[in-house]
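1. Return a 3D structure for these sequence lines:
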Amino acid sequence: MNVIVVISDTLRRDHLGCYGNPWIQTPNLDAFAQESLTLDRAYISSFPTVPCRNDVLTGRYTFTYRPWAPLEAGQTTLPELLGQAGRITGLVADTPHPFTPGYNFQRGFQSWEIIRGQEHDPWKAHPREVSLPCAPEKLRSPDSTVAQYLRNVHERRSEADYFPARTFTAAAEWLEHNHRHPFFLYVDTFDPHEPWDPPRHYVERYDPGYEGEEVIYPRYDVSSYLTDAELKHCRALYAAEVSLVDTWFGHFMNRVRSLGLLANTAILFLADHGFYLGEHGFIGKSLITPEYQQALPLYPEVAWIPFLAYLPEGLHGERREGFAQPVDILPTVLELCGLPMPDGVQGRSLAPLLRGEVEAVRPVAISSPCLSAPTFQVPHPTNRASITDAEWTLIYGSQVDRVQEPEVTAMVDSLLRQVRTLEQGPIRPQLFHLPEDPFCNRDVLEAHPEQAQRLHAAFVQFLEEAGVPETHLRFFRAL
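-> Numbering: from 1, shown residues only. Sure thing, here's the model as predicted:
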């Protein structure tokens, strides 16, 4: 069995036709879903980008022991395990942060190709002067990230020059050269992560005739700083990015099919997290000022992700409710390849679920930014976990007497900022009943404290089993 894993950064589940979206065009992913198993209860594990990739490559819940940081020295990774077993391992990615100098998440791959130029990658030095697409106060890091990005894409001439096209084309070429040997290919596309600047014909599908400012890299904040028209256009830009990713995933799948690989290749397609586009009053996935940052609650728009799984002998064109998370990738791939599980793996193999042998591999899904690390004195209360059993979701952070500041974080873009409570209102637990409120808009904790207590108990047990030290765990023992 060959294995292909594709991660699309910041791809919202509810923006794909196969998950019920009625207005965004995603024909290739919808077609792939028809020949795959659609997992309806896939949730993020560690948040955001870099911790998620650490989950994928190590099979461990990174948020329980390590923040946004380089790959840990000495940590055994999935490509190393597969390479030791005689497989060719390849990485093709344009997601910048895990694969920048020093972060070293490409370690262990026998071949790796990084498509340069995303976000503030220092790829191009010209032109020195660039024109911002909107007022700078509407942009996150306008003079650094946005300006550098505009230099990086200055020479783009056709759709083939856009990042999804370059990444999926390179991945297809890798298959052409290596498909005759047992292989593992990991494709990591940063889109539809902002900056949002897809070819114009994609944007015109979703907001034709718009003539206002283009807020392509919005400031992560309460969304009221945007006009209604600007926010609508942000949604159109994001939708256009989703369709662009779909187009070039389709190009990649055409090569998979033409090489006859569907007969002996498992393909897993998922996202690392989503994005708020005005929901809950936010745009972004954190609150960020030039100096400060705090995490936001992981509501379903961010935590509930798409996950499509194709196995030649698996379930095709069906849906399953069993929980799946990125931390499950390593054990799943190892089982599909017939390899033993190393010590310390915390994820669960999804292979029995994908083959229809079981209905579930875990009773709850837990998603979170970092809650414990050697550099932490007191876990910051704005770093809240989302604990769900598919009927109820508990949003819960550390219970501290006072916020210990300053604390420094590199999430969400590898730029260091101090953690500061920027959110208005008390930082307290919240409970939501998903059948009546699937996107978590009505807190019902006071009416159903017993459900919150049940999920909280499962969360504390999880943290204990994960080895979170008592110096940090004590701040999570009380509800």
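
2. average pLDDT for the one helix or strand residue 40 maps to?
-> Residue 40 is part of strand 37-43, with elements assigned from DSSP states H and E. Taken as a whole, strand 37-43 has a mean pLDDT of 98.

3. elements contacting it?
-> Judged by 3 or more Cβ pairs under 8 Å, 6 or more residues apart in numbering; DSSP states H and E, the packing partners of strand 37-43 are strand 304-305, strand 307-310, strand 318-324, strand 365-367. The C-beta positions use only the backbone N, C-alpha and C, and glycine is treated the same way.

4. Identify whichever of those strands lies nearest to residue 263.
-> Among the helices and strands packed on strand 37-43, the nearest to residue 263 by Cβ to Cβ is strand 307-310 (11.4 Å).

5. Can you tell me the strand partners of the helix or strand of the chain with the lowest mean pLDDT and which way each runs?
-> Every helix and strand in the chain was compared by mean pLDDT, DSSP states H and E; the lowest is strand 407-409, with a mean of 85. Here strand 407-409 is paired, per DSSP bridges, with strand 417-419 (antiparallel).

6. Just the buried residues of the partner strand, please?
-> Buried residues in strand 417-419, counting neighbours by 16 or more other Cβ atoms under 10 Å, are found at 417, 419.

7. What pLDDT is listed against the nearest residue to residue 376 once chain neighbours are set aside?
-> Distances taken as Cβ to Cβ, 6 or more residues apart in numbering place residue 472 nearest to residue 376, at 6.4 Å, with adjacent residues excluded. pLDDT for residue 472: 96.

8. Likewise for residue 376?
-> Residue 376 is assigned a predicted lDDT (pLDDT) of 89.

9. show me where the stretch 1-150 of the chain has helices.
-> Assigned helices in the stretch 1-150 of the chain, in chain order: 27-34, 49-58, 78-84, 147-152 (criterion: DSSP state H, counting those that start in this stretch).

10. Select, out of those helices, the one closest to residue 220.
-> Smallest distance to residue 220 across those (Cβ to Cβ): 13.9 Å, for helix 49-58.

11. re the thing from before, now do the least confident helix or strand of the chain: distance to the chain's middle.
-> Between the centre of strand 407-409 and the centre of its chain there are 21 Å (Cα atoms, centre = their mean, to the nearest Å).

12. pLDDT score for the most centrally placed residue in the chain?
-> Taking Cα atoms, centre = their mean as the criterion, residue 272 is the residue nearest the geometric centre of the chain, at 1.5 Å. For residue 272, the model assigns a pLDDT of 98.

13. Can you name the residues that contact it?
-> Going by Cβ atoms under 8 Å, 6 or more residues apart in numbering, residue 272 touches 7, 9-10, 44, 48-49, 52-53, 305, 326.

14. ok, the nearest residue to residue 351 once chain neighbours are set aside - how many residues close by?
-> Distance criterion Cβ to Cβ, 6+ apart; nearest residue to residue 351, sequence neighbours excluded, is residue 335 at 4.4 Å. By other Cβ atoms under 10 Å, 17 other residues sit near residue 335.

15. How about the one 3 residues further on?
-> Each residue near residue 338 was counted by other Cβ under 10 Å, and the total is 8.

16. thinking again about what came up before, the residue nearest to residue 376 belongs to a helix?
-> Yes - counting by DSSP: H, G, I helix; E, B strand; the rest coil, residue 472 falls inside a helix.

17. which residues touch it?
-> Taking Cβ under 8 Å, 6+ apart as the criterion, residue 472 is in contact with 371-372, 376, 378-379, 398.

18. So residue 59 sits against residue 78, correct?
-> Yes - here residue 59 reaches residue 78: they are 7.4 Å apart, a contact under Cβ atoms under 8 Å.

19. okay, and the common contacts of these two?
-> Going by Cβ under 8 Å, 6+ apart, residues that sit against residue 59 and also against residue 78 are 329-330.

20. With neighbour numbers in mind, choose between these two.
-> residue 59 (28 against 23).

21. For residue 325, see how far away the more buried one is.
-> For residue 59, the distance to residue 325 (Cβ to Cβ, to the nearest Å) stands at 11 Å.

22. And for residue 52?
-> 10 Å.

23. between the two, what contacts are shared?
-> Common contacts of residue 52 and residue 325, defined by Cβ under 8 Å, 6+ apart, comprise 44-45.

24. Return the members of the contacts of residue 472 classed as buried.
-> Using 16+ other Cβ under 10 Å, the buried ones in those are 371-372, 376, 378-379, 398.

25. contact partners of the host helix or strand of the residue nearest to residue 351?
-> Taking DSSP H and E as the definition, one finds residue 335 inside helix 329-336. With Cβ under 8 Å, 6+ apart as the test, helix 329-336 has contacts from 1, 3, 5, 55-59, 78, 81-82, 184, 266, 268, 311, 340-341, 345, 347-351, 354.

26. which stretches of the stretch 1-150 of the chain form strands?
-> 2-8, 37-43, 88-93, 111-114 (DSSP state E, counting those that start in this stretch).

27. Where do the domain boundaries of the chain fall?
-> Residue ranges for each domain of the chain read 2-354, 365-476, as given by automatic domain parsing.

28. How about residue 304, nearest residue that isn't a chain neighbour?
-> Here the nearest residue to residue 304 in space, its sequence neighbours aside, is residue 13; by Cβ to Cβ, 6+ apart that works out to 5.3 Å.

29. The one you found contacts residue 302, doesn't it?
-> No - counting by Cβ under 8 Å, residue 13 stays clear of residue 302, with 10.1 Å between them.

30. Those two: which is more packed in?
-> Using other Cβ under 10 Å, the more surrounded residue of residue 13 and residue 302 is residue 302, with 27 against 23.

31. Report the spatially nearest residue to the more buried one, omitting neighbours in sequence.
-> residue 274 (4.5 Å).

32. buried stuff in the helix or strand containing residue 175?
-> According to DSSP H and E, residue 175 maps onto helix 163-178. For helix 163-178, burial by neighbour count (16+ other Cβ under 10 Å) applies to 163-172, 174-175, 178.

33. from these, which single one is nearest residue 226?
-> residue 163 (24.6 Å).

34. how close does the closest one get to residue 13?
-> 21 Å.

35. now do residue 285
-> Separation of residue 285 from residue 13 (Cβ to Cβ) stands at 14 Å.

36. tell me the secondary structure for the closest residue to residue 207 other than its chain neighbours?
-> Excluding its sequence neighbours, the residue lying closest to residue 207 (Cβ to Cβ, 6+ apart) is residue 236, at 3.4 Å. Under the three-state scheme (three-state DSSP), residue 236 adopts helix.

37. Quick check: residue 236 touching residue 206?
-> Yes - contact status for residue 236 versus residue 206: in contact at 3.7 Å, counting by Cβ under 8 Å.

38. right, and residue 362 touches residue 347 too?
-> No - Residue 362 lies out of contact with residue 347 (Cβ under 8 Å); the separation is 9.5 Å.

39. Among the buried ones among the contacts of residue 472, name the ones in helices.
-> Counting by DSSP state H, the buried ones among the contacts of residue 472 place none of their members in helices.
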